[in-house]
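*Asks:* below are the sequence and a predicted model for it; my questions follow.
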Amino acid sequence: LLPGDDTPVCTAQLCSYSDGLDDLQTAGAAVWGIGPQGLDSHERFARDRNLRMPLLSDEGRTVAKAFGTPHP
């Protein structure tokens, strides 16, 4: 789960995953990001950072709650 689009940690983490996406996929991993921001925010963030994986919206934090993940 992502803390937030354009936050320092999230940005560094997702850019690293995107840069290594080929290796991750070769290892059999499916890489997606999910966070509480809306799709417009995710699309802008992914486009601005040239991210190569999909970002999913969990605006109601349903997924975060289902996994017991605390979210700010």
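*Replies:* Looks like it arrived, so ask away. This structure is a prediction, so every number in the text was calculated from the model and none was measured. Numbers count the residues shown, from 1 in each chain.

*Asks:* assign Leu56 to helix, strand or coil.
*Replies:* Put simply, Leu56 is strand when judged by DSSP: H, G, I helix; E, B strand; the rest coil.

*Asks:* ok, now Ile34?
*Replies:* strand.

*Asks:* give the bridge partners for it, please.
*Replies:* Leu56 (DSSP bridges).

*Asks:* list the contacts of it.
*Replies:* For Ile34, the contacting residues are 1-2, 55-58, 63, by C-beta atoms under 8 Å, 6 or more residues apart in numbering. Bear in mind the C-beta positions are built from the backbone N, C-alpha and C, glycine included.

*Asks:* from those, list the buried ones, please.
*Replies:* Neighbour-count burial (16 or more other C-beta atoms under 10 Å) is assigned, among the contacts of Ile34, to 1-2, 55, 57-58, 63.

*Asks:* tell me which two of these sit farthest apart.
*Replies:* Between any two of the buried ones among the contacts of Ile34, the greatest separation by C-beta to C-beta is 12.7 Å, found for Leu55 and Val63.

*Asks:* ok, back up a step: and of the contacts of Ile34, the nearest to Trp32?
*Replies:* Among those, and counting by C-beta to C-beta, the member closest to Trp32 is Leu56, at 5.9 Å.

*Asks:* from what I see, that closest one and Gly33 are in contact.
*Replies:* Yes - Leu56 is within contact range of Gly33, at 6.9 Å (criterion: C-beta atoms under 8 Å).

*Asks:* need the overlap of contacts for the two.
*Replies:* Joint contacts of Leu56 and Gly33 (C-beta under 8 Å, 6+ apart) are His42.

*Asks:* find the centremost residue of this protein, please.
*Replies:* Gly33 (2.5 Å; C-alpha atoms, centre = their mean).

*Asks:* roughly how far apart are it and Asp6?
*Replies:* Distance of Gly33 to Asp6, computed by C-beta to C-beta, to the nearest Å: 13 Å.

*Asks:* ditto for Arg52
*Replies:* Taking C-beta to C-beta, one finds Arg52 at 17 Å from Asp6.

*Asks:* next: Ile34.
*Replies:* 16 Å.
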